[in-house]
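> predicted model and sequence below, questions to follow.
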Amino acid sequence: LFPLGNGDRQTLLGPLAPLPRTDEGFLFPTHSGAPILPMISVFLESAHAKLARAQQHFNNLASEIRAYLASDFYRITVEHDVEGRKEFQRIHIRQPSLDLGLLIGDCVHNARSALDHAVWSLAFRFNPLGASRDSVTAFPIFEAREKWADRQSGQKKIRRLPLRIQTIIKHLQPYRRRNPQFDPLALLFRLDNDDKHKAITVTAAASQRTTYRVHIGDDTGDIHHVTVLGALIDNAIISEMTTPEGDPSKVQMQVRPEVYVGFRDIVDPGNGFPAPVLETLAGILSCTKTTLTLLERGSEFTLRADTT
């Protein structure tokens, strides 16, 4: 939903610039002709397990949303004003269950925990005595540069990590993006924090692909006036039109909403509609996976550099 531009990707990959490259990507150092990735993979096992559990919750959520959208969750009724000149279409809708919010919370919490597990595990790998007594080490996520710069917040959480890993985490921070609040890591932090304190609510919403058509006798034309796109509210008028002179019974208006499930409190920056739940979470999980990969490979490069 919120892709990173080429400039953003170059920024994220900056800490890995010293590595040689092939057409397939970065060529990470090997020892005795064999990749040394498994050493760090052992330490990140719990982080990958957390991400896998997040994916399971995402899959369950996707099944629930598909079942909801396949059900008879709305109907549309037609009304006229007292003069019979105006026709209204009103929607009666059953909103998605609150259980969807619980699944979203489970998904984002495990994804957020995967990042914290990764940072703590790497801190333990590189500084076992310090990390074993540490309750501060975690993966920091900040939308504001000044908070990252505060030594009691962002930098304090990663002080036990090698400098190269600290640099990778710094380049991943949302405050470095054009729209920090829509960065996948920022959304992950927000949703996980929301789930701790309140219900994550979703809503049925009509997309821009919703069609509105008017039939006047044998002719078909576009609707004269549309009142609602985006979040759908039960018993709301979703369209209206003024019938032309003549027999109003020959006028038929058809509304075919294309409905999706979106976040009630998060908007899509592209159109201002509720951000689609599945697309948003898919972006968050993809970003989390990429982050774990960068941390893992950067750690292996650090190990290799320390032994040469």
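Yep, it's here.

> list the contacts of residue 60.
residue 103 (CB atoms under 8 Å, 6 or more residues apart in numbering). Heads up, the C-betas are built off the backbone N, CA and C, glycines and all.

> quick one, phi/psi of residue 77?
phi -110, psi 150 (degrees, to the nearest 10).

> I'd say it and residue 89 touch.
Yes. Assessed by CB atoms under 8 Å, residue 77 is found in contact with residue 89 at 7.3 Å.

> how far away is residue 283 from residue 187?
8 Å (CB to CB, to the nearest Å).

> those two: which is more packed in?
A side-by-side neighbour count of residue 283 and residue 187, using other CB atoms under 10 Å, places residue 187 first with 24 against 21.

> just list the residues touching that one, thanks.
2, 266, 280, 283, 284.

> and residue 77, how many neighbours?
That count, for residue 77 with other CB under 10 Å as the rule, works out to 10.

> how about it, nearest residue that isn't a chain neighbour?
residue 90 (5.2 Å; CB to CB, 6 or more residues apart in numbering).

> check which helix or strand covers that neighbour.
strand 86-93 (DSSP states H and E).

> for the stretch 101-250 of the chain, which spans come out with low pLDDT?
130-133, 151-152, 208-228, 243-250 (pLDDT under 70).

> what ranges do the helices span in it?
Remark: helices assigned in the stretch 101-250 of the chain by DSSP state H, counting those that start in this stretch are 128-132, 145-149, 154-157, 163-171, 184-197.

> residues making contact with stretch 261-273?
Here stretch 261-273 has contacts from 1-2, 65, 68-69, 96, 100, 179, 182, 187, 190, 194, 200-205, 207-208, 229-231, 274-278, 280, using CB under 8 Å, 6+ apart.

> apply 7 Å and report the result again.
Contact with stretch 261-273 is made by 1, 65, 68, 96, 179, 182, 187, 201-205, 208, 230, 274-277, 280, as judged by CB atoms under 7 Å, 6 or more residues apart in numbering.

> just stretch 189-201 next, same as before
98, 101, 104, 105, 108, 109, 112, 141, 264, 265.

> tell me the most packed of these, by neighbour count.
residue 108 (27 neighbours).

> confirm for me that it is in contact with residue 188.
Yes. In terms of CB atoms under 7 Å, residue 108 counts as a neighbour of residue 188; the distance is 5.8 Å.

> between these two, what contacts are shared?
residue 284.

> tabulate the contacts of stretch 189-201 (TSV), appending distance to residue 174.
Listed next are those as TSV, based on distance: CB to CB, whole Å:
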residue	distance to residue 174
98	28
101	23
104	20
105	20
108	15
109	19
112	14
141	7
264	22
265	18
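
> name the nearest residue to residue 104, ignoring sequence neighbours.
residue 200 is the one closest to residue 104 (CB to CB, 6+ apart), at 5.0 Å.

> count of residues packed around that neighbour?
Close neighbours of residue 200, defined as other CB under 10 Å, add up to 21.

> what do you get for residue 145?
Neighbour tally, residue 145, other CB under 10 Å: 12.

> could you check how far the nearest residue to residue 160 once chain neighbours are set aside is from residue 300?
The spatially closest residue to residue 160, leaving aside those adjacent along the chain, is residue 123, at 4.1 Å (CB to CB, 6+ apart). Noted for residue 123: a distance of 16 Å to residue 300, by CB to CB.

> just residue 260 next, same as before
For residue 260, the distance to residue 300 - CB to CB - is 41 Å.

> before we move on, the earlier item: out of the contacts of residue 187, which is most surrounded?
residue 284 leads these on contacts (other CB under 10 Å) with 27 neighbours.

> what helices and strands are in contact with the helix or strand encompassing that one?
Assessed by DSSP H and E, residue 284 sits inside helix 277-306. In terms of contacts (3 or more CB pairs under 7 Å, 6 or more residues apart in numbering; DSSP states H and E), helix 277-306 is packed against helix 37-43, helix 45-69, helix 99-126, helix 163-171, helix 184-197, strand 259-267.

> swap the cut-off to 6 Å and go again
In terms of contacts (3 or more CB pairs under 6 Å, 6 or more residues apart in numbering; DSSP states H and E), helix 277-306 is packed against helix 37-43, helix 45-69, helix 99-126, helix 163-171, helix 184-197.
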